[in-house]
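Asker: Just the structure for this:
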Amino acid sequence: MNTVNIKFVFLILLIVMSSLVQLSAQVKTNKQSIDQTISTMTIELQHKILLTDEQAIRVTEILKNYFAKVSADATEKLELRNKTNSDVLSILDKKQRAKFEILKNDWWKSI
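Answerer: From the prediction side, this is the model:
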């Protein structure tokens with residue numbers, strides 16, 4: 001190989017490595033963003049309907065499941081959101097359920 005070919009290969013490798021580093025940073029940022037959203041939504045709900053610590057942990061788990069499965073498809077997103085609402089309702093007491101029904105649409109707007 002002559003020096004021109006070696007420089008070309010080196011340049012290509014450098015571009016590929018740079019792209020991989022950037023992609024890795026984006027994936028990490030997206031995961032942190034989702035984790036922050038889950039935390040914010042859980043804390044907001046905990047304050048508004050007075051979740052117990054155990055309920056807050058369950059809400060966090062339910063939201064992690066939602067965000068792991070959600071896609072860009074609007075129909076699928078709505079179905080998954082409805083299931084998530086049902087899962088949250090299943091861990092609430094009667095008063096909390098009534099409050100959740102009132103505020104759930106605003107709660108989802110926070111994402």
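Asker: Please, where are all the helices along this structure?
Answerer: Assigned helices in the chain, in chain order: 3-49, 53-69, 74-89, 94-109 (criterion: DSSP state H).
Asker: Figure out how far stretch 82-90 is from the centre of its chain.
Answerer: Relative to its parent chain, stretch 82-90 has a centroid offset of 16 Å by Cα atoms, centre = their mean, to the nearest Å.
Asker: Any buried residues in that stretch, and which?
Answerer: Buried residues in stretch 82-90, counted by 16 or more other Cβ atoms under 10 Å: 84-85, 87-88. No exception for glycine: its C-beta is placed from N, CA and C like everyone else's.
Asker: so what's the most centrally placed residue in the chain closest to, chain neighbours aside?
Answerer: For the chain, the residue nearest the mean C-alpha position is Ile34 (3.3 Å; Cα atoms, centre = their mean). Excluding the flanking residues, the one nearest Ile34 by Cβ to Cβ, 6 or more residues apart in numbering is Phe67, at 5.1 Å.
Asker: Count the neighbours of the one you found for me.
Answerer: By other Cβ atoms under 10 Å, the residues close to Phe67 number 17.
Asker: wait, isn't it in contact with Thr37?
Answerer: Yes. Using Cβ atoms under 8 Å, Phe67 is in contact with Thr37, at 7.5 Å.
Asker: Enumerate every residue touching Lys69.
Answerer: Residues near Lys69 by Cβ atoms under 8 Å, 6 or more residues apart in numbering: Leu80.
Asker: looking at it, Arg97 is touching Leu89, isn't it?
Answerer: Yes. Counting by Cβ under 8 Å, Leu89 is a contact partner of Arg97 at 5.5 Å.
Asker: For stretch 86-95, what is the spacing between the initial and final residues?
Answerer: 15 Å (Cα to Cα, to the nearest Å).
Asker: That stretch: how far from the chain's middle?
Answerer: Going by Cα atoms, centre = their mean, the spacing between the C-alpha centre of stretch 86-95 and its chain's C-alpha centre is 21 Å.
Asker: Which secondary structure element of this protein has the lowest mean pLDDT?
Answerer: When the helices and strands of the chain are scored by mean pLDDT, DSSP states H and E, helix 3-49 comes last with a mean of 76.
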